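>>> fold the stuff below for me.
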Amino acid sequence: MSPLKPGSDRRKSMQTVVNKVSYLKGETEVAPDKSISHRTVILSALAEGRSRVKNFLEAEDTWSSCKCLQALGLTIQKQDKELIIDSPGIDALQEPARVLDCGNSGTTMRMLAGLLAGRPFMTVLSGDDSLNQRPMQRVITPLSMMGANFMARRGNYPPLAVQGGQLQGIEYHMPVASAQVKSALLLAGLQAEGVTAVLEEHASRDHTERMLMAMGAKLEVKPGQVRVIPGAKLSPQDWEVPGDVSSAAFWLVAASIVPNSEVLLKRVGINPTRTGILEVLKQMGARITVLDAQTIAGEPVADLLVQSAPLQAVEIEGEIIPRLIDELPVIAVAMTAAQGVSVVRDAAELRVKETDRIAAICSQLGRMGAAIEATPDGFIVDGSKSHIQGGTVDSFGDHRIAMSLAVAGLIADQSTYINNAEAVNISYPGFWDTIKILSR
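Numbers count the residues shown, from 1 in each chain. Take a look at the predicted model:
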């Protein structure tokens with residue numbers, strides 16, 4: 001067993017070339033689920049003792065969570081293919097001697113804000129240039145209502161100083177569905193006096209609820225509401241992380257739009273709060289078959305077989321948006337290959353991700369030949385008038401934009417040159433190798 005000393009996977013700015021392929025064939029395990037990997041580390045801090053994680057995602061964002069929790073007093077080590085996490089328990093977390101660097105990870109910053117809101121010391125959370133431009137008022141407001149004290153740049157942006165203390169439970173109606181904010185409130189609620197209730201109009205991903213209940217937390221979950229009752233003793237766990245459906249999305253789209261393709265994606269998480277991508281692609285006419293469905297560590301998992309198929313336009317809005325918010329950039333690529341005019345609405349949340357993803361995907365796919373138009377809360381794509389030609393594009397340092405542009409490059413007439421392609425290391429370090437394997 002060796003101490004974990006996660007270094008940065010980020011390389012100097014690089015350009016990657018993607019060329020048109022004749023097919024994608026074979027099987028692959030996609031990157032482990034990023035959301036669940038973050039939570040295995042952060043939630044393990046709550047329980048005194050040793051937790052183990054199989055299939056942990058080794059990527060820049062998840063290393064950020066590891067490094068922050070190490071600074072708070074956890075010991076994190078790698079043993080063979082497992083991550084070993086030893087926690088002193090939440091009451092024994094220590095005040096960090098330095099600013100906690102969350103890197104590019106909004107999940108790390110927002111969930112730690114909730115964890116630290118109830119700790120009797122001061123912590124400063126900061127990140128890279130991109131993260132420090134992302135709004136934090138959505139988590140500051142409810143945690144302040146519970147009794148924590150915050151200071152932020154212009155009241156909304158990191159660095160974020162958290163002075164924790166005695167918290168009171170609240171009932172909070174989420175103005176926008178957000179699993180990160182909901183998770184922060186649940187972590188704070190575990191440390192509060194009285195019940196904390198989180199209400200949301202549209203369901204967001206529920207990994208935190210499932211994992212906390214596995215640890216022994218007392219949660220009451222019903223449609224549109226989660227209530228956390230503090231006081232339960234939490235136990236360390238042996239976690240197993242499924243494949244990330246958000247990472248699988250790139251191959252689901254790619255194999256659908258590249259002719260003569262058939263790809264089997266192994267052991268992908270199909271949590272119903274995350275499977276909007278499957279519903280939308282099937283509505284568009286994609287040939288996706290769910291095989292060998294099972295439950296692993298409380299999460300539904302299955303193999304996904306996807307075969308190329310002609311796609312039709314679709315309109316997406318309302319309650320499904322939180323269940324596919326991260327997949328919308330690559331869905332835009334699918335729309336460029338579909339017959340008819342597709343529309344995405346109610347997705348203004350995309351403008352406050354790692355970059356303004358509406359502006360980024362519309363401008364860069366437009367450069368490649370897509371007939372795509374940005375709207376305040378989404379975009380319109382005319383697949384019948386789109387003709388992907390290739391060219392030079394930029395990810396703007398956003399991992400999902402980089403991978404979406406790569407998928408578009410697989411059907412482009414000419415080579416596609418993607419600047420800042422190293423951004424894929426944030427969530428899917430093996431992405432470029434997987435393209436080579438499936439297209440050879």
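>>> got the domain boundaries for this structure?
Domain segmentation of the chain under automatic domain parsing yields 8-30+246-439, 34-239.
>>> how far does the last one sit from its chain's centre?
Put plainly, it is domain 34-239. 15 Å (Cα atoms, centre = their mean, to the nearest Å).
>>> same check on stretch 415-430?
With Cα atoms, centre = their mean as the basis, stretch 415-430 stands 16 Å off its chain's centre.
>>> what is the end-to-end distance of it?
Terminal residues of stretch 415-430 are spaced 21 Å apart (Cα to Cα, to the nearest Å).
>>> where do the strands sit along the stretch 251-400 of the chain?
Under the criterion DSSP state E, counting those that start in this stretch, strands of the stretch 251-400 of the chain are mapped to 262-269, 287-296, 299-307, 311-312, 315-316, 338-339, 341-344, 372-375, 378-382, 391-394.
>>> which helices and strands does the fifth one pack with?
Using 3 or more Cβ pairs under 8 Å, 6 or more residues apart in numbering; DSSP states H and E as the contact criterion, the neighbours of strand 315-316 among helices and strands are strand 341-344. Placement of C-beta: from N, CA and C, glycine included.
>>> packing partners for the strand it packs on?
strand 315-316, helix 328-336, strand 378-382.
>>> re earlier: make TSV out of the domains of the chain and add mean neighbour count and mean pLDDT.
What follows is these, written out as TSV (neighbours: other Cβ atoms under 10 Å; pLDDT from 0 to 100):
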stretch	mean neighbour count	mean pLDDT
domain 8-30+246-439	20	96
domain 34-239	20	97
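>>> quick revisit: can you redo the strands of the stretch 251-400 of the chain as JSON lines with distance to Ala249?
Output for the strands of the stretch 251-400 of the chain, formatted as JSON lines (distance: least, Cβ to Cβ, whole Å):
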{"stretch": "strand 262-269", "distance to Ala249": "10"}
{"stretch": "strand 287-296", "distance to Ala249": "11"}
{"stretch": "strand 299-307", "distance to Ala249": "10"}
{"stretch": "strand 311-312", "distance to Ala249": "14"}
{"stretch": "strand 315-316", "distance to Ala249": "14"}
{"stretch": "strand 338-339", "distance to Ala249": "16"}
{"stretch": "strand 341-344", "distance to Ala249": "15"}
{"stretch": "strand 372-375", "distance to Ala249": "18"}
{"stretch": "strand 378-382", "distance to Ala249": "16"}
{"stretch": "strand 391-394", "distance to Ala249": "19"}
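>>> so which of those comes closest to Ala360?
Closest to Ala360 of the strands of the stretch 251-400 of the chain is strand 391-394 (Cβ to Cβ; 8.2 Å).
>>> what's near enough to touch Val245?
33, 268-271, 274-275, 277-278 (Cβ atoms under 8 Å, 6 or more residues apart in numbering).
>>> now, the residues you listed that are in helices?
Taking DSSP state H as the definition of helices, these contribute 277-278.
>>> need the contacts of Val245 in a markdown table (columns: distance to Glu327).
What follows is those, written out as a markdown table (distance: Cβ to Cβ, whole Å):
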| residue | distance to Glu327 |
| --- | --- |
| Asp33 | 13 |
| Val268 | 13 |
| Gly269 | 13 |
| Ile270 | 13 |
| Asn271 | 13 |
| Arg274 | 9 |
| Thr275 | 10 |
| Ile277 | 4 |
| Leu278 | 10 |
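>>> ok, the contacts of Val245 vs Gly409, which is closest?
Of those, the one sitting nearest to Gly409 (Cβ to Cβ) turns out to be Ile277, at 20.0 Å.
>>> and that closest one, what is it in contact with?
Contact analysis of Ile277 by Cβ under 8 Å, 6+ apart lists 245-246, 249, 252, 324, 327, 331.
>>> cutoff 10 Å now
Going by Cβ atoms under 10 Å, 6 or more residues apart in numbering, Ile277 touches 245-246, 248-249, 252-253, 286, 288, 320, 323-324, 326-328, 330-331, 334.
>>> now do Phe431
16, 30-31, 247, 250-251, 399, 402-403, 406, 421, 424-425.
>>> from those residues, which land in strands?
Thr16 (DSSP state E).
>>> now do the contacts for the nearest residue to Lys385 once chain neighbours are set aside.
Nearest non-adjacent residue to Lys385, counting by Cβ to Cβ, 6 or more residues apart in numbering: Ala371, 3.9 Å away. By Cβ under 10 Å, 6+ apart, Ala371 lies in contact with 335-336, 341, 365, 380-387.
>>> now those residues as a markdown table including distance to Leu57?
Listed next are the contacts of Ala371 as a markdown table, based on distance: Cβ to Cβ, whole Å:
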| residue | distance to Leu57 |
| --- | --- |
| Met335 | 28 |
| Thr336 | 29 |
| Val341 | 36 |
| Leu365 | 27 |
| Ile380 | 34 |
| Val381 | 30 |
| Asp382 | 36 |
| Gly383 | 33 |
| Ser384 | 38 |
| Lys385 | 38 |
| Ser386 | 33 |
| His387 | 36 |
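>>> and those residues, which two are the farthest apart?
Farthest apart among the contacts of Ala371 by Cβ to Cβ are Ile380 and His387. That separation is 16.7 Å.
>>> can you pull the contacts of the closest residue to Val221 other than its chain neighbours?
Of all residues not flanking Val221 in the chain, Glu209 sits nearest, at 5.6 Å (Cβ to Cβ, 6+ apart). With contact taken as Cβ under 10 Å, 6+ apart, Glu209 is in contact with 179, 182-183, 186, 198, 217, 219-221, 226, 228, 273, 298.
>>> I'm done for today, thanks for sticking with me.
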